[in-house]
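Novice: okay, structure incoming, though there's no sequence with it:
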């Protein structure tokens, strides 16, 4: 491991094995910010190195090229998919609130917020990033929700869950529209949970006035 | 038309009054695409002129500077606010479905789609554009919905409506996540309408399993 590192930060220098993670992380933080704000064309390996305060060769060493760097930037935070998988152990009748709580928890974990926010912002103006985000929803959240339901309309239901979850995190964390941005998490869960629950297992037929 | 163009574009010359609209519109189409894809830093008056096929001086003539051009690009399509105002004439108990139908109608009017999409994409990586989008929601949709409700929690209700509406158009029109992207509009209205209705006038207390 220290061996790996030796080639690490500024190439040519040696350091303890923690450095590799530290340097990579600094590069990723700078690259995420750049892709989110400047897009693909406006991001260069050299500018990322400067923003990260590392030698440009370190960026190439760890991430090879800009496509690989982008790919690393778009990876969801650690444990993101596992957390969705765990929801499948929650009984369907309580899964709506559990899903909302899980999304809030993911976004409100301090180390996750900038990662998720930059993935969403990068996706907004980069087709490849948008494809990837679409897959995250279709292959993980959507598939996970859908597979556990024995329902002909399960893909529609999963898609409907998507509309509420996407709108919730856009409103609360990306656009920060009040008062949703500042509501306590438990209030959001109790207000929005029933919507997700209806999409998961409730009646989808038009309802009378409530 | 080539006639019109040559007259309208360079400032100082005169042409039939329709030309103004034609040239302005071509500039706006090119500018919206550029701000959405390249952001503020990646957009120049000169490149917009080139993409629009007009003399660079025409861009300055009609829009003065880049900030004014951006401002024009971020203006919602004609009739956007009026349409929201009309909803207030719909009885509250049917306003959920009417609001969803109105949003779908706005987005699916062919001349509106690229405008709305570019506003959302531009907002994703430009703080000023994001502020403006936030105001569109807070001052029009949110305020319009809220003002008509006699309810202590009306701002929370309006915010909840926001989460569903934003998620619906992101999923259906911006990220185009299936099957929501391809559902017939009337199905979307009947599936999502009840959610908006609950946020507008239903019980917000936690509900039992449905």
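Specialist: Arrived safely. What you see is a predicted model; the values in this text were computed from it and never measured. Numbers count the residues shown, from 1 in each chain, chains lettered A, B, ... in the order given.
Novice: so which elements touch the helix or strand harbouring residue A:58?
Specialist: Following DSSP states H and E, one finds residue A:58 within helix A:56-63. Where contact means 3 or more Cβ pairs under 8 Å, 6 or more residues apart in numbering or on different chains; DSSP states H and E, helix A:56-63 is packed against helix A:18-38, helix A:45-52, helix A:66-73. (Each C-beta comes from the backbone N, C-alpha and C, glycine too.)
Novice: do you know how far residue A:120 is from chain B?
Specialist: Residue A:120 sits at a distance of 7 Å from chain B (criterion: Cβ to the nearest Cβ, to the nearest Å).
Novice: so that residue touches residue A:172, yeah?
Specialist: No: look at residue A:120 against residue A:172 with Cβ atoms under 8 Å: they stay out of range, at 11.9 Å.
Novice: give me whichever of the helices and strands packed on helix A:56-63 is most buried.
Specialist: helix A:18-38 (a mean of 20; mean count of other Cβ atoms under 10 Å in any protein chain shown).
Novice: chain B: which of the helices and strands packed on helix A:56-63 is closest?
Specialist: helix A:18-38 (5.7 Å; Cβ to the nearest Cβ).
Novice: give the contact list for whatever residue of chain A ends up closest to chain B.
Specialist: Going by Cβ to the nearest Cβ, chain B is nearest to residue A:167 of chain A, at 2.2 Å. Residue A:167 sits next to B:162-168, B:170-171 when contact means Cβ atoms under 8 Å, 6 or more residues apart in numbering or on different chains.
Novice: of residue A:120 and residue A:172, which one has the most company?
Specialist: Set residue A:120 next to residue A:172 and count neighbours by other Cβ atoms under 10 Å in any protein chain shown: residue A:172 wins out with 25 against 21.
Novice: quick check, that one in contact with residue A:108.
Specialist: No: taking Cβ under 8 Å as the definition, residue A:172 is not a contact partner of residue A:108, at 9.4 Å.
Novice: separation between residue A:79 and residue A:29?
Specialist: Using Cβ to Cβ, to the nearest Å, we find residue A:79 at a distance of 19 Å from residue A:29.
Novice: before we move on, what about residue A:38?
Specialist: 15 Å.
Novice: what segments of chain A are helices?
Specialist: With helices called from DSSP state H, chain A shows them at A:2-6, A:18-38, A:45-52, A:56-63, A:66-73, A:80-87, A:95-108, A:113-125, A:127-135, A:143-147, A:154-169, A:185-201.
Novice: most packed of those?
Specialist: Across the helices of chain A, the average number of neighbours (mean count of other Cβ under 10 Å) peaks for helix A:154-169, which reaches a mean of 24.
Novice: mind checking the pLDDT average for it?
Specialist: Mean pLDDT, helix A:154-169: 91.
Novice: tilt between it and helix B:185-201?
Specialist: 40 degrees (axes from the mean of the first three to the mean of the last three Cα atoms, to 10 degrees).
Novice: how about the contacts made by residue A:26?
Specialist: Residue A:26 sits next to A:52-54 when contact means Cβ under 8 Å, 6+ apart.
Novice: point out where chain A drops to low pLDDT.
Specialist: Low-confidence segments of chain A, defined by pLDDT under 70: A:1-19, A:139-144, A:146-152, A:206-210.
Novice: and residue A:126, backbone torsions?
Specialist: With angles defined as degrees, to the nearest 10, residue A:126 sits at phi -130, psi 110.
Novice: before we move on, what about residue A:54?
Specialist: Note on residue A:54: its backbone torsions stand at phi -130, psi 170 [degrees, to the nearest 10].
Novice: ends of stretch A:172-185, how far apart?
Specialist: Separation of the first and last residues of stretch A:172-185 by Cα to Cα, to the nearest Å is 10 Å.
Novice: what residues does it touch?
Specialist: Outside stretch A:172-185, the residues touching it (Cβ under 8 Å, 6+ apart) are A:101, A:104-105, A:107-108, A:113, A:116-117, A:120-121, A:168, A:171, A:188, A:191, B:123-124, B:130, B:133-134, B:137-138, B:142, B:155-156, B:159-160, B:162-163, B:166.
Novice: what does stretch A:126-143 give?
Specialist: Here stretch A:126-143 has contacts from A:35, A:39-40, A:70, A:74, A:76, A:81, A:84, A:119-120, A:122-124, A:155, A:158-159, A:161-162, A:165-166, B:175-178, using Cβ under 8 Å, 6+ apart.
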